[in-house]
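**Student:** Got a predicted structure plus its sequence, pasted below:
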Amino acid sequence: MVKTTKKLSTSDPAIQNKPKLSLWNFWVSATLLKLLLIPGYYSTDFDVHRNWLALTNKLPIKQWYFEDTSPWTLDYPPFFAHFEWFLSQFVPRWVQQDGCLDIVETGNFGLPTVMFQRITVIVSELLLFVALQIYINKSSLSERSANFVVASSIVLSPGFLIIDHIHFQYNGFLFSILIAAILAAKHQRYLLCGFFFATALCFKHIFLYLAPSFFAFLLRVYVLDFSNFKFKSYYDLISIVQWKNLFKLAGVVLAVFGVCFAPLISQWSQLLTRLFPFSRGLTHAYWAPNFWALYSLLDKVLTLIILKVPYIHKCLTQIIAPPLIPATIQEIKWKLQQYNVGTKGLVQDVYFVILPQIQPKLTFLLTLFYQVLAIIPVLFSPSFKRFIGSLTLCGFASFLFGWHVHEKAIMLVIIPFSFLVTSDRRLLTPFRLVVSAGYVSLFPLLHESSDFLLKLLYTLVWSIIYFLALRQVTKMSSSVQRRVFFFDRFALFYIIMLVPMVIAVQLLDGLKWRYSILQKFEFAGLMIYSIYCSIGILSSWVGLSWLYNFDEPLWM
């Protein structure tokens with residue numbers, strides 16, 4: 001009997017229909033654009049990272065978190081400090097002579113240093129392309145096209161272009177580690193998921209905002225087993241714990257933290273002071289478009305109304321007793337002169353004239369409350385889709401209610417949301433809202449007039465291409481379609497109006513030098529950006545929260 005083997009032919013329909021989707025062309029074209037941007041505008045963050053290169057190169061590790069010659073002191077976790085040290089080993093001599101590795105109060109450098117640091121961002125971002133290519137390659141045939149659209153939308157993200165390659169940071173590299181953790185969770189590699197997320201935390205502690213979701217998901221799918229659980233006594237609760245898995249997961253996570261923090265254990269208090277600087281105040285110099293931006297605006301509006309119409313203050317004092325409200329108009333005027341009321345562009349604690357002052361404890365409790373609401377469903381239904389939903393809502397909660405939130409933190413929402421949006425057409429509306437408002441809210445980072453057309457046209461073209469592409473690849477729900485007419489139409493109108501808002505603010509800023517009255521409202525443009533974008537981001541959060549909590553079939 002002759003044994004024959006079937007040879008696979010390239011004419012096999014299963015092979016022919018399997019698309020070979022690569023991000024290679026995107027990397028080439030994106031890199032060419034980024035190389036052209038090298039001599040362009042960069043922010044003070046450029047000198048921040050240059051200083052970190054210098055101090056990690058010139059000083060022993062025990063001095064890294066004490067060095068304060070420059071105001072741009074090291075305030076990232078040790079893994080990122082070691083990353084800066086690693087980069088500093090490749091600084092050529094001619095770049096060193098340019099001042100790249102000088103520990104000085106203010107950097108004095110030229111084009112060689114700019115070229116070197118820009119190239120390190122481009123090279124480090126290769127990890128983002130690799131992680132997303134793995135995401136595509138491991139996709140099933142039915143979801144490969146959708147995942148390719150998602151992956152390409154991330155690598156071409158206006159957020160990464162603006163923040164990393166113009167403003168200057170290393171978010172592409174850092175988010176590649178987070179994406180690796182998400183992919184490990186998707187493919188049920190739970191120890192690897194814990195390893196990658198712990199590593200991401202040790203590079204940038206802002207990922208702590210996503211930790212509750214990772215903790216709840218890994219606890220439920222890897223540590224707790226309810227398959228044979230029958231409650232008869234409280235001792236039976238011990239039986240649901242898979243102790244071997246618990247120790248393995250804890251061992252992996254603790255090992256990562258041990259490698260990261262053990263060399264600096266004697267400097268624990270100094271490290272915490274650098275990583276969590278609560279003295280910086282509730283809001284940043286430019287209000288991040290979150291709940292506190294609207295809160296700050298309300299305080300300004302109430303202050304203006306009361307100063308213009310003193311009778312309103314008299315009525316309010318009959319309802320609200322001082323000191324919950326200033327006792328006199330003179331007291332209000334005195335506070336406006338003495339305190340930073342959030343319209344001077346200062347990075348310090350903001351004082352509210354009319355509304356109650358906000359303490360860090362309150363922002364922490366609000367953030368924690370909404371994050372707990374997001375992770376409770378994961379404990380009952382620990383699917384990957386539910387996990388990504390909770391991850392996105394944890395990012396939303398931290399951005400909307402956190403202390404001293406930077407506008408750049410919106411990427412903590414957009415990136416996880418991107419892995420969720422193609423699963424159901426109903427998620428498109430909140431996704432479009434947060435992406436449009438989130439990316440536009442980054443525009444003030446590039447305040448040079450020469451960058452205006454670049455940021456506007458790039459974001460506009462990206463939005464048109466990917467909003468249409470995502471609509472083509474997102475799945476139609478098999479359940480009854482529940483569309484909220486007003487919310488969909490509101491979102492469309494809101495997104496369209498972002499363009500005239502951006503142009504109007506640019507014209508306002510351009511006319512300041514001609515009209516002295518406009519110079520009195522120096523930060524009016526920033527306030528318009530912040531308030532308008534906060535409306536879109538809050539609306540997106542409400543829309544996603546509604547679907548997450550009240551549309552159970554969507555998550556099945």
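**Tutor:** Done, it's in. Numbering: from 1, shown residues only.

**Student:** Going along the chain, name the strands of this structure.
**Tutor:** Ranges of strands in the chain, per DSSP state E: none exist.

**Student:** Extract the residue ranges of it that are flagged as low pLDDT.
**Tutor:** Residue ranges of the chain with pLDDT under 70: 1-19, 228-237, 279, 285, 338-349, 477-485, 517-520.

**Student:** Looking at the record's assignment, how would you partition it?
**Tutor:** As assigned by automatic domain parsing, the chain contains the domains 40-124, 283-357, 360-555.

**Student:** can you give me the helices for the stretch 451-556 of the chain?
**Tutor:** Applying DSSP state H, counting those that start in this stretch to the stretch 451-556 of the chain gives helices spanning 452-473, 485-510, 516-519, 524-550.

**Student:** Now residue 288, what are its backbone angles?
**Tutor:** phi -60, psi 140 (degrees, to the nearest 10).

**Student:** Kindly state which of the domains of the chain is positioned closest to residue 150.
**Tutor:** domain 360-555 (5.2 Å; C-beta to C-beta). C-betas here are computed from N, CA, C, even on glycine.

**Student:** burial measure for residue 334, as a count.
**Tutor:** Neighbour count of residue 334, defined by other C-beta atoms under 10 Å: 13.

**Student:** next one: residue 219
**Tutor:** Neighbours of residue 219 under the rule other C-beta under 10 Å: 17.

**Student:** From residue 549, how far out is it?
**Tutor:** 21 Å (C-beta to C-beta, to the nearest Å).

**Student:** How about residue 437?
**Tutor:** From residue 437 to residue 549 the distance is 22 Å (C-beta to C-beta).

**Student:** So these two - more neighbours on which side?
**Tutor:** A direct count of neighbours by other C-beta under 10 Å for residue 437 and residue 549 places residue 437 higher, at 24 against 15.

**Student:** Please name the nearest non-neighbouring residue to that one.
**Tutor:** residue 536 (3.1 Å; C-beta to C-beta, 6 or more residues apart in numbering).

**Student:** go on, residue 335?
**Tutor:** residue 353 (5.0 Å).

**Student:** Same question for residue 389.
**Tutor:** residue 548 (5.1 Å).

**Student:** do residue 256 as well
**Tutor:** residue 198 (3.9 Å).

**Student:** re the thing from before, pick the most buried one from the helices of the stretch 451-556 of the chain.
**Tutor:** helix 524-550 (a mean of 20; mean count of other C-beta atoms under 10 Å).

**Student:** And that helix, what does it pack against?
**Tutor:** With contacts defined as 3 or more C-beta pairs under 8 Å, 6 or more residues apart in numbering; DSSP states H and E, the packing partners of helix 524-550 are helix 291-308, helix 360-380, helix 384-401, helix 428-440, helix 485-510.

**Student:** tell me the angle the fourth one makes with helix 452-473.
**Tutor:** Orientation check (axes from the mean of the first three to the mean of the last three C-alpha atoms, to 10 degrees): helix 428-440 against helix 452-473 gives 160 degrees.

**Student:** Tell me what angle helix 428-440 forms with helix 524-550.
**Tutor:** Going by the same axes, to 10 degrees, helix 428-440 makes 150 degrees with helix 524-550.

**Student:** For helix 428-440, what is the distance to the chain centroid?
**Tutor:** 13 Å (C-alpha atoms, centre = their mean, to the nearest Å).

**Student:** same question, the third one
**Tutor:** Between the mean C-alpha point of helix 384-401 and the mean C-alpha point of its chain there is a distance of 11 Å (C-alpha atoms, centre = their mean).

**Student:** packing partners for that helix?
**Tutor:** Looks like helix 384-401 contacts helix 171-186, helix 211-218, helix 291-308, helix 360-380, helix 411-418, helix 524-550 (3+ C-beta pairs under 8 Å, 6+ apart).

**Student:** With the longest one instead?
**Tutor:** Applying 3+ C-beta pairs under 8 Å, 6+ apart, one finds that helix 485-510 contacts helix 428-440, helix 452-473, helix 524-550.

**Student:** could I get the first one in PDB with only the CA atoms?
**Tutor:** Looking back up the chat, that one is helix 428-440. Below are the C-alpha coordinates for helix 428-440, written out as PDB (Å, rounded to 0.1, in the frame of the first residue of the first chain):
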ATOM      1  CA  LEU A 428     -18.400  53.800  16.300                       C
ATOM      2  CA  THR A 429     -20.200  56.900  17.600                       C
ATOM      3  CA  PRO A 430     -18.400  57.200  21.000                       C
ATOM      4  CA  PHE A 431     -15.100  56.200  19.300                       C
ATOM      5  CA  ARG A 432     -15.400  58.900  16.700                       C
ATOM      6  CA  LEU A 433     -16.200  61.500  19.400                       C
ATOM      7  CA  VAL A 434     -13.300  60.700  21.700                       C
ATOM      8  CA  VAL A 435     -10.800  60.300  18.800                       C
ATOM      9  CA  SER A 436     -11.800  63.600  17.100                       C
ATOM     10  CA  ALA A 437     -12.000  65.600  20.300                       C
ATOM     11  CA  GLY A 438      -8.900  63.900  21.800                       C
ATOM     12  CA  TYR A 439      -6.600  64.500  18.800                       C
ATOM     13  CA  VAL A 440      -7.800  68.100  18.300                       C
END
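
**Student:** Help me confirm that residue 488 comes into contact with residue 429.
**Tutor:** Yes. Applying C-beta atoms under 8 Å, one finds residue 488 in contact with residue 429, separated by 5.5 Å.

**Student:** all helices for the stretch 101-250 of the chain, in order.
**Tutor:** Counting by DSSP H, counting those that start in this stretch, the helices of the stretch 101-250 of the chain are 111-124, 126-137, 144-155, 158-162, 171-186, 190-203, 211-218, 236-239, 243-261.

**Student:** of all these, which lies closest to residue 532?
**Tutor:** Counting by C-beta to C-beta, and looking across all of the helices of the stretch 101-250 of the chain, nearest comes helix 158-162 at 17.2 Å.

**Student:** which residues sit against the closest one?
**Tutor:** 33-34, 125, 128, 154, 171-172, 175, 408, 410-411, 414, 438-439, 442-443, 445-446, 455, 458-459, 462 (C-beta atoms under 8 Å, 6 or more residues apart in numbering).

**Student:** give me that answer again for 7 Å
**Tutor:** Residues outside helix 158-162 that contact it (C-beta atoms under 7 Å, 6 or more residues apart in numbering): 171, 172, 411, 414, 439, 442, 445, 446, 455, 458, 459, 462.
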